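Novice: sequence unknown, structure follows:
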């Protein structure tokens, strides 16, 4: 039987150096090329975040990875679906809805609203706070944002 000794991902390589011991190493990248690829997205997102200002359900201009201790909403649901009861699922629906209502009140259409663009973090033991992130700035209508919110709420409610 063949054993995988090395895997190559988009940001790192993992190599098995002995049974039950793996070494993860970053892949060298061309920082200038990465900066050029990401600059357009940031040039769109930063003015949107500044327009929105501070809100408890919206990521700030700088996001610390520690703030997303539970990863994105889809990953959280996938990992914890069986332990999330229905009353808690309904409660989880409120936070993304609150965030979308706020962005619309500020004249910002969210676009690309999906569970992967909602981050989860723990503000107190056992809590889960949700933050809207990744404002791509694509032109869409408020109706499409509301439709996307419905899909997010469906995912929360059904797992």
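Specialist: Structure's in. What do you need? What you see is a predicted model, and the numbers here were worked out from it, not measured in a lab.
Novice: the strands in the chain, which residues?
Specialist: For the chain, applying DSSP state E gives strands covering 6-8, 12-18, 21-26, 118-121, 129-132.
Novice: Compare the mean pLDDT across these and name the weakest.
Specialist: Lowest mean pLDDT of these: strand 6-8, a mean of 54.
Novice: Let me know the distance separating the residue nearest to residue 129 when sequence neighbours are not counted from residue 69.
Specialist: Leaving aside its chain neighbours, residue 129 sits nearest to residue 123 (4.8 Å; criterion: Cβ to Cβ, 6 or more residues apart in numbering). To be clear about C-beta, it is placed using only N, CA and C from the backbone, and glycine gets the same treatment. Distance of residue 123 to residue 69, computed by Cβ to Cβ, to the nearest Å: 10 Å.
Novice: which of the two has more neighbours?
Specialist: Legend: neighbour count by other Cβ atoms under 10 Å for residue 123 and residue 69, higher for residue 69 (14 against 10).
Novice: What residue, apart from its backbone neighbours, is nearest the more buried one spatially?
Specialist: residue 121 is the one closest to residue 69 (Cβ to Cβ, 6+ apart), at 4.8 Å.
Novice: so how far is residue 154 from the residue nearest to residue 129?
Specialist: Distance from residue 123 to residue 154, by Cβ to Cβ: 25 Å.
Novice: For stretch 125-138, buried residues please.
Specialist: 128, 129, 130, 131, 132, 133, 134, 135, 137 (16 or more other Cβ atoms under 10 Å).
Novice: So which residues of this structure form helices?
Specialist: Counting by DSSP state H, one finds helices in the chain at the ranges 31-52, 73-80, 86-105, 142-158.
Novice: quick one: which of those is nearest residue 115?
Specialist: helix 73-80 (3.7 Å; Cβ to Cβ).
Novice: Low-confidence ranges, this structure, go.
Specialist: Residues of the chain meeting the criterion pLDDT under 70: 1-29, 31, 34-35, 38-43, 59-68, 136-140.
Novice: now do 90
Specialist: Scanning the chain for pLDDT under 90 picks out the ranges 1-73, 75-76, 80-81, 84-85, 87-92, 100, 103-153, 156, 158-159.
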